[in-house]
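# Predicted model and sequence follow; I will ask about them next.
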Amino acid sequence: MKEELFWECLAGPGIISVVGAGGKTTVVSQLANYGVCHHISTMVSTTTKMGSLQVKPWEPYYGDDFLLGSAYVQKQIEEKRIGAWFRSLAGHKVVGLEPRTVDELHRAHPDWMIVLEADGAKKKWIKAPKSHEPVIPELTRMTIGVVNLRALGAPITEDVVHRIEEVCRIIDGTPGETIRPGHLVTLIEHEQGLFQYSRGYKVIVCTGYDQSDAVLVEQFLRILKRVPLQYVLLVDGYRETFRIQQVLPWS
């Protein structure tokens with residue numbers, strides 16, 4: 001029941017864009033599952049790329065035709081399923097929708113919850129976006145930023161960090177240096193950091209909570225208080241073991 005109440009604070013009609021690193025696809029999937037289970041008309045897509053095997057269970061529509069795509073999703077929703085639509089299949093990846101198409105969908109179906117993976121991170125724990133990232137539709141009502149707390153205390157290496165040079169520039173760090181709580185907060189609040197181009201409410205989902213140093217996490221949350229957010233979610237596990245442990249209302 002507690003888990004249900006936690007998801008309730010995020011779910012609802014409108015566009016939700018998920019950015020960052022360390023669990024975006026899991027957040028998209030879990031939020032979409034909650035939506036369907038609670039009779040919210042729910043669609044998933046991306047404005048970048050996702051793994052084709054990750055989206056296969058949703059049996060998506062592929063194509064550019066707005067009428068065919070939206071009709072296909074509507075049929076899935078009427079069948080009490082998650083609707084899914086991507087532009088094309090490219091090898092092991094699917095190519096997502098243009099942000100203007102997502103905005104048009106929202107105008108046509110304002111009762112739908114459209115959950116988007118709007119960023120890429122090559123399976124790393126933290127990242128800095130490129131100049132054109134994330135790709136967030138104009139009508140987004142909430143931007144969810146995902147950060148993996150396991151990065152705290154880890155070295156700044158290619159195994160942990162996506163776009164390492166840009167991350168070092170933002171946090172004023174050097175490769176090999178230990179990632180401290182202040183570094184992670186700087187990456188979140190910097191104008192070229194996690195929430196670059198974000199729209200609507202800002203929410204942080206902190207994954208890896210159960211596998212992180214409790215002292216470092218406490219320091220991180222204390223420093224994070226300076227960042228204006230709607231909620232901070234502390235999450236254990238990954239994919240099937242993903243569980244929200246706490247939802248912290250923020251100032």
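Cool, the structure landed. Numbering: from 1, shown residues only.
# Next up, phi/psi of the residue nearest to Glu166 when sequence neighbours are not counted, please.
Distances taken as Cβ to Cβ, 6 or more residues apart in numbering put Ala128 closest to Glu166, at 3.9 Å, once the chain neighbours are dropped. Every residue, glycine included, has its C-beta placed from N, CA and C. Main-chain dihedrals, Ala128, degrees, to the nearest 10: phi -120, psi 140.
# contacting residues around Ala128?
Counting by Cβ atoms under 8 Å, 6 or more residues apart in numbering, Ala128 touches His162, Arg163, Glu166, Val167, Arg169, Ile170, Leu187, Gln192, Gly193.
# Count the residues that sit near the second one.
Number of residues near Arg163 (other Cβ atoms under 10 Å) recorded here: 20.
# Equivalent analysis for the third one, please.
A count of neighbours around Glu166, defined by other Cβ under 10 Å, yields 18.
# who does the helix or strand containing Cys206 pair up with?
Element membership of Cys206, judged by DSSP states H and E, is strand 201-207. In the sheet containing strand 201-207, its partner strands are strand 140-148 (parallel), strand 231-236 (parallel), by DSSP bridges.
# Pull the shortest one out as PDB, backbone CA atoms only.
Presented in PDB, the C-alpha positions along strand 231-236 are these (Å, rounded to 0.1, in the frame of the first residue of the first chain):
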ATOM      1  CA  TYR A 231       9.800  15.600  -4.500                       C
ATOM      2  CA  VAL A 232      12.800  13.500  -3.900                       C
ATOM      3  CA  LEU A 233      12.300   9.700  -4.100                       C
ATOM      4  CA  LEU A 234      14.700   7.200  -2.500                       C
ATOM      5  CA  VAL A 235      14.700   3.900  -4.300                       C
ATOM      6  CA  ASP A 236      16.100   0.400  -3.700                       C
END
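# Determine how far that strand lies from the middle of the whole chain.
In terms of Cα atoms, centre = their mean, to the nearest Å, the centre of strand 231-236 is found 13 Å from the chain centre.
# how about that strand: buried residues?
By neighbour count on 16 or more other Cβ atoms under 10 Å, the buried set for strand 231-236 is Tyr231, Val232, Leu233, Leu234, Val235.
# give me the beta-bridge partners of the last one?
With DSSP bridges as the criterion, Val235 is bridged to Ile244.
# where exactly do the strands run in the stretch 101-250 of the chain?
Assigned by DSSP state E, counting those that start in this stretch, the stretch 101-250 of the chain shows strands spanning 113-117, 126-127, 140-148, 161-162, 201-207, 231-236, 243-249.
# looking at the ones you listed, which is closest to Arg81?
Checking the strands of the stretch 101-250 of the chain against Arg81 by Cβ to Cβ gives strand 113-117 as the closest, at 13.5 Å.
# can you tell me the average pLDDT over the closest one?
For strand 113-117, mean pLDDT rounds to 98.
# How about stretch 155-162?
pLDDT averaged over stretch 155-162 gives 94.
# Just the CA atoms of that stretch, as PDB, please.
Extracted C-alpha coordinates of stretch 155-162, given in PDB (Å, rounded to 0.1, in the frame of the first residue of the first chain):
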ATOM      1  CA  PRO A 155      35.900   7.500  -8.700                       C
ATOM      2  CA  ILE A 156      35.300   9.600 -11.700                       C
ATOM      3  CA  THR A 157      35.900   7.000 -14.400                       C
ATOM      4  CA  GLU A 158      34.400   5.900 -17.700                       C
ATOM      5  CA  ASP A 159      32.700   3.000 -15.900                       C
ATOM      6  CA  VAL A 160      30.600   5.300 -13.700                       C
ATOM      7  CA  VAL A 161      30.300   8.600 -15.700                       C
ATOM      8  CA  HIS A 162      28.900   9.300 -19.100                       C
END
